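J.: sequence isn't available, so here's the structure alone:
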């Protein structure tokens, strides 16, 4: 997960080869799990001095199917009801996560979704699906629905 600057692993080389087929994205959506989390949370990266655009709406939608992380400090970052909006300064990092690669090469907006690993699989799936679909709705301006994601 931190190999996107130096690219030393086969898995990241394979992913980057596939990503190079695409010009750009409106938003990157990265799905993760956190074994220490007490609820769902997300990182929203934007270009410097740009506010979060999607995070709060995504978390509001997810809260209907999964509790949201309540801690004010998550993984060393300040969190506001599950929303982490860290400063994006890729030049200060020696180990780029996927979100940094995406921000530097493919998009100006990235969401890293973090589902709590200790929760039931079905809850985590519903939370991640709801987050992805809500983001798609916000980007497209249309409501996108998949059977089985309503509850």
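T.: Noted; the coordinates are in hand. Here the structure is a predicted model, which is why all the values come from computation and not from measurement.

J.: how many residues are close by residue 121?
T.: Other residues near residue 121 come to 9 when the count uses other CB atoms under 10 Å. C-beta: built from backbone N, CA, C; applies to glycine.

J.: and if you look at residue 34?
T.: Other residues lying near residue 34 total 17 when counted by other CB under 10 Å.

J.: ok, residue 58 - contacts?
T.: Residue 58 is in contact with 42, 111, 113, 131, 134-135, 138, counting by CB atoms under 8 Å, 6 or more residues apart in numbering.

J.: what about it, which helix or strand?
T.: According to DSSP states H and E, residue 58 maps onto helix 55-62.

J.: check what pLDDT the most centrally placed residue in the chain gets.
T.: Closest residue to the average C-alpha location of the chain: residue 112 at 1.5 Å, with CA atoms, centre = their mean. Residue 112 is assigned a pLDDT of 94 by the prediction.

J.: with the one 4 residues further on instead?
T.: We note a pLDDT of 98 for residue 116 in this prediction.

J.: phi first, then psi, for it.
T.: Main-chain torsions, residue 116, degrees, to the nearest 10: phi -80, psi 120.

J.: that one against residue 68, yeah?
T.: No: at 9.9 Å, residue 116 does not count as touching residue 68 under the criterion of CB atoms under 8 Å.
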